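*Asks:* Curious how this folds, go ahead:
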Amino acid sequence: MSSSVRIGALRELFTQPLYRTLKSSSGFPGELLFDTPSVHIDGLMSNELNAAFIPPVDFAQNSSGMVLYPNIGVSSIGYSSVARLYLRKNLPVIRSFAVGNVSTTDVVLTRIVLGEKYDAEKPAIIPAIGSIDEMLAKADCALVTGDPLLTLADNHPFIDIIDEWSDITELPFVHTVCISRADMYNAGIRTMLLESLTAGTDALGSVANELAAETGHSADLLQNYLSHFSFGFDEIAKASLEEFFRMAFYYGMLPDVPEITIAE
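*Replies:* From the prediction side, this is the model:
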């Protein structure tokens, strides 16, 4: 394997088990680059990255000529506390929701859940930064996702968005996939990705301990959080991704339904 291998990674804590051996300079003959999904897409397009971990909508918006690495990804099902929509108390109808530092995938999923279960027809999506109260001063609901939920204490009622998705579809929700350009797909990289994923899932306690040292969160808190996720990408995950893209198109959040091509 060439030493020029470059893989784009995400900073979200729930993705960290994927990088267990890729983060080790002795075990990975290349570079693991942490940045935003848009930067990773640019890197794939310009041949600066061989592969990248990204959320589903970023793939959907840039799926032409792209393939998914098989058996690589992150998903969760049911109540996982990875995406919450906080509500004003005694809210009769939802007409808007505020979003801060969240992914486009989280926004699209929230729009689907509100349409499917809460009869919210085209709720306004309002950018807002601040506390829950500050966000609720601008909208009916406040969407908070990912790492901030680990320590967020708030008395407002909330909807667990992933739990609602699971209730609607009886499927897990796919948070992250690994993609490459079809002409850049490499079986050797696939082997390294699978080895790293397996090493991470087999040692969640060690991953949690390392993240605790980096973040200041307790190792027990982090291990419990990571235990809510499944690492891989199987036929059920593919079915979930297809349903998500179909519903996103139905609600006008995607211009078309992208084809999901899994490399062999």
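*Asks:* what bits of the protein have low per-residue confidence?
*Replies:* The model of the chain has pLDDT under 70 over residues 1-3, 24-27.
*Asks:* Mind naming the longest strand for it?
*Replies:* strand 66-76 (DSSP state E).
*Asks:* Only alpha carbons, please: show that one as PDB.
*Replies:* Taking C-alpha atoms only, strand 66-76 is exported to PDB below (Å, rounded to 0.1, in the frame of the first residue of the first chain):
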ATOM      1  CA  MET A  66     -19.000   7.700  -6.000                       C
ATOM      2  CA  VAL A  67     -19.200   4.300  -4.300                       C
ATOM      3  CA  LEU A  68     -19.600   3.200  -0.700                       C
ATOM      4  CA  TYR A  69     -17.000   1.100   1.000                       C
ATOM      5  CA  PRO A  70     -18.800  -2.200   2.000                       C
ATOM      6  CA  ASN A  71     -19.400  -2.900   5.700                       C
ATOM      7  CA  ILE A  72     -18.100   0.500   6.900                       C
ATOM      8  CA  GLY A  73     -20.300   3.000   8.700                       C
ATOM      9  CA  VAL A  74     -22.100   4.000  11.900                       C
ATOM     10  CA  SER A  75     -25.800   3.700  12.700                       C
ATOM     11  CA  SER A  76     -28.100   3.600  15.700                       C
END
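*Asks:* pretty sure Ile132 is touching Ala142, no?
*Replies:* Yes - at 5.2 Å, Ile132 and Ala142 qualify as touching, with contact defined as Cβ atoms under 8 Å. The C-beta positions use only the backbone N, C-alpha and C, and glycine is treated the same way.
*Asks:* If you count surrounding residues, which of the two has more?
*Replies:* Higher neighbour count among Ile132 and Ala142: Ala142, with 28 against 20, using other Cβ atoms under 10 Å.
*Asks:* Please consider this matter closed, and thank you.
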